[in-house]
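Novice: got a structure for you, letters missing:
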């Protein structure tokens, strides 16, 4: 097996097993727990229009029985020890994760490897799980703040992989065959496509030995590197009606990819505008003008693009006044730099959030996994704090001028039919 160059941080470990699985770990001897993530480099962006939703469906199905365990045994193996086991699917990845006491590391690796190496995909369970996923779709559509996100992606990346919903479409879920599931699983659930990340009270030598033991894949032909067409963003406006009395607004612009040098500037800008109760838009829209209950701002990166969005939930009659405030605050950022005081407050908020969350092993494990998948390297918390410190008011202003331009504006509204009479825009 290939070991990476030794990192200066003695508590970090990386090794590539002989079969291509990458293992990254951080030792935290002061805790009693261990958090493990098995990351698979596949998500909805790897799907075609006809298989959209298959990654999420596979994530569900691996819990429905393996060569070694029944669904009940999968559910109880860690719960009976006080731990937990779960999974999630994103647009660019799938993750199976577990938390357990450090002395139960082997049991956790055993069941996680069972899920990603030996699922059975029983025919009866496939038909049963269709109903579960269809119910999940209905729940999303009953939650406007979730549904509008899928509508926005489909609007700016229309007919592109990134624009398709992670959960898929009703037509696809109803028609997915076991043969399609097996084919997709075989193509993407391969050792060179997997990263195992671990944080907690862990011995590196033992971890490497156990990962090699449990993640021993059958011999496979090497796959070609994952490829997908570049995502082409296009600003569009869209109004969708539902029977809610509330109007939900999602307004956004093309944002920053993971490798963008302004990525941390974008994070600080989103925190300043809508990152909590003290943020500018929350104060101006909710606390001062009392126009809305929910006000938020997000800067979401992907491998080749990103999004910068504003979201507000309000009564339809509040939309025009809300847009005036949004326009004013965005224009102010473009015209003049933030004050050092305002920037210092946001930096303090962001650094505190990162440092506090880094005490949680689940957060450390997820950070390890994502950084290995995206950047191929270890990024210590201190490096992140350093990047935040380098952000200046002038950089924030330059980023606002770059992002907030008319040709990149996209707006989706979700609410009652009468709200369509006004077309919201910052320009």
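Specialist: That came through, no problem. As the structure is a computational prediction, the values presented were derived from the model and not from experiment.
Novice: need the contact list for residue 260.
Specialist: Taking Cβ atoms under 8 Å, 6 or more residues apart in numbering as the criterion, residue 260 is in contact with 266, 301, 306. C-betas here are computed from N, CA, C, even on glycine.
Novice: any idea how far residue 366 lies from residue 99?
Specialist: Counting by Cβ to Cβ, to the nearest Å, the gap from residue 366 to residue 99 is 11 Å.
Novice: Neighbour count: these two, which is higher?
Specialist: Neighbour totals were compared for residue 366 and residue 99, and residue 99 leads with 23 against 19 (other Cβ atoms under 10 Å).
Novice: Tell me the secondary structure of the more buried one, please.
Specialist: Under DSSP: H, G, I helix; E, B strand; the rest coil, residue 99 falls in the strand class.
Novice: Quick check: phi and psi at the closest residue to it other than its chain neighbours.
Specialist: Leaving aside its sequence neighbours, residue 99 sits nearest to residue 35 (Cβ to Cβ, 6 or more residues apart in numbering; 4.9 Å). The phi/psi pair for residue 35 (degrees, to the nearest 10) reads phi -110, psi 130.
Novice: Name the next helix or strand downstream of the helix or strand encompassing residue 134, please.
Specialist: In this assignment (DSSP states H and E), residue 134 forms part of helix 123-141. Counting by DSSP H and E, the element after helix 123-141 in chain order, helix or strand, is helix 144-156.
Novice: list the helices and strands that following helix packs on?
Specialist: helix 123-141, strand 237-241, strand 247-254, strand 306-314, strand 410-415 (3 or more Cβ pairs under 8 Å, 6 or more residues apart in numbering; DSSP states H and E).
Novice: quick one on the thing from earlier: export the contacts of residue 260 as JSON lines, with columns for pLDDT.
Specialist: Shown next, in JSON lines, are the contacts of residue 260 (pLDDT from 0 to 100):
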{"residue": "266", "pLDDT": "98"}
{"residue": "301", "pLDDT": "97"}
{"residue": "306", "pLDDT": "98"}
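Novice: Residue 22: which of the residues you listed is nearest?
Specialist: Ranked by distance to residue 22 (Cβ to Cβ), these are led by residue 301 at 21.2 Å.
Novice: burial count for residue 405?
Specialist: Neighbourhood size, residue 405 [other Cβ under 10 Å]: 14.
Novice: so what's the backbone phi/psi at it?
Specialist: According to degrees, to the nearest 10, residue 405 has phi -120, psi 150.
Novice: Tell me the pLDDT of it.
Specialist: At residue 405, the model reports a pLDDT of 97.
Novice: Enumerate every residue touching it.
Specialist: Residues near residue 405 by Cβ under 8 Å, 6+ apart: residue 253.
Novice: just the one 5 residues further on next, same as before
Specialist: When contacts are counted by Cβ under 8 Å, 6+ apart, residue 410 touches 152, 155-156, 234-237, 251-253.
Novice: ok, what's across the strand from it?
Specialist: Legend: beta-bridge partners of residue 410 under DSSP bridges are residue 252.
Novice: Roughly how far does it sit from residue 327?
Specialist: According to Cβ to Cβ, residue 410 and residue 327 sit 16 Å apart.
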